[in-house]
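Enquirer: this one's structure only:
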């Protein structure tokens, strides 16, 4: 059936929704509030950059978004589920299914091959290894151009290759949300470009919602939105009207 002229487009699914999030550190009479009432919504297929000066609360915000740290107050939903009421074991399983992580340093396990590193989150999610996991790891490495590194250990790969393995590991379970904390901060320009384009491809093809914390203005300007955090508050949240396309 043809779409009716003037019909309102269907909004993409909300993957992440946080409202009035605060975070305090300390106890007793000495309490420091780091986040002050953060509101943020991210939909499937969005690529969002979070920027701001050092000490502004970006890392704390990302840890709360990734369910690695509880908020002091406020509400947080991931894939439509309120996560505040989940027990630790349930939260770990939920995080493994719904959220992928890429950090500035790849955090690969040095004694495992690339394939084995990719299998780790699958084993955690299912509680055991299965016969099809190695094939899934092989296919995932092929997607990031590293099929030949299947049985290579991290020490046998370049920094850029290790970070590509880390991206593949974060996305092997097809989570709806990818969180990246300075994912290109330890790479040269060429490898930074490869990592960003890799995440952008998953973002477009799988509609994975991606949130990148970055100090690199070139990366931020190629995202769909830029959220600026200053002193624990969202100072601005604006679309990038014309994302920069590399020549």
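Expert: That came in fine, so what should we check first? Fair warning: this is a prediction, and the values are worked out from it, not measured in the lab. Residues are numbered from 1 along each chain as shown.
Enquirer: now residue 92, nearest residue through space, not along the chain?
Expert: Nearest non-adjacent residue to residue 92, counting by Cβ to Cβ, 6 or more residues apart in numbering: residue 124, 7.8 Å away. (C-beta placed from N, C-alpha, C; glycine too.)
Enquirer: give the buried residues for whichever strand or helix holds the one you found.
Expert: Using DSSP states H and E, residue 124 sits in helix 114-126. Buried residues in helix 114-126, counted by 16 or more other Cβ atoms under 10 Å: 114-122.
Enquirer: and the next element down the chain from it?
Expert: Beyond helix 114-126 toward the C-terminal end (DSSP H and E), the next one is helix 133-143.
Enquirer: remind me, longest helix of the chain?
Expert: helix 189-205 (DSSP state H).
Enquirer: which helices and strands does it pack with?
Expert: strand 47-51, helix 159-171, strand 177-181, strand 209-213 (3 or more Cβ pairs under 8 Å, 6 or more residues apart in numbering; DSSP states H and E).
Enquirer: include distance to residue 72, mean neighbour count and mean pLDDT when you put those into TSV, please.
Expert: Below are the helices and strands packed on helix 189-205 laid out as TSV (distance: least, Cβ to Cβ, whole Å; neighbours: other Cβ atoms under 10 Å; pLDDT from 0 to 100):
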stretch	distance to residue 72	mean neighbour count	mean pLDDT
strand 47-51	20	24	94
helix 159-171	27	23	86
strand 177-181	20	23	91
strand 209-213	20	26	93
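Enquirer: got those as CSV, with distance to residue 99 columns?
Expert: Shown next, in CSV, are the helices and strands packed on helix 189-205 (distance: least, Cβ to Cβ, whole Å):
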stretch, distance to residue 99
strand 47-51, 14
helix 159-171, 9
strand 177-181, 5
strand 209-213, 10
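Enquirer: of all those, which one is nearest residue 66?
Expert: Closest of the helices and strands packed on helix 189-205 to residue 66 is strand 177-181, at 5.0 Å (criterion: Cβ to Cβ).
Enquirer: show me the contacts for the most centrally placed residue in the chain.
Expert: When Cα atoms, centre = their mean is applied to the chain, the residue found nearest the centroid is residue 179 (1.3 Å). Counting by Cβ atoms under 8 Å, 6 or more residues apart in numbering, residue 179 makes contact with 62, 65-66, 99-102, 211.
Enquirer: strands - which of those residues land there?
Expert: 99-102, 211 (DSSP state E).
Enquirer: any idea what residue 101 is bridged to?
Expert: residue 179 (DSSP bridges).
Enquirer: that one is in contact with residue 171, isn't it?
Expert: No. If you go by Cβ atoms under 8 Å, residue 101 and residue 171 don't touch, sitting 10.2 Å apart.
Enquirer: so what sits against both of these two?
Expert: residue 178.
Enquirer: buried stuff in the longest helix of the chain?
Expert: 191-196, 198-200, 202-203.
Enquirer: distance between that helix and the chain's centre?
Expert: Relative to the centre of its chain, helix 189-205 is centred 13 Å away, using Cα atoms, centre = their mean, to the nearest Å.
Enquirer: tell me the mean pLDDT for that helix?
Expert: On average, the pLDDT along helix 189-205 is 84.
Enquirer: low-confidence ranges in this structure?
Expert: Applying pLDDT under 70 to the chain flags residues 1-11, 242-247.
Enquirer: ok, residue 126 to residue 41 distance?
Expert: 31 Å (Cβ to Cβ, to the nearest Å).
Enquirer: do residue 92 as well
Expert: The value you get for residue 92 to residue 41, if Cβ to Cβ is used, is 25 Å.
Enquirer: and for residue 234?
Expert: 11 Å.
Enquirer: rewinding a little: between the ones in strands among the contacts of residue 179, which has the most around it?
Expert: Counting neighbours by other Cβ atoms under 10 Å, residue 100 comes out on top of these with 27 neighbours.
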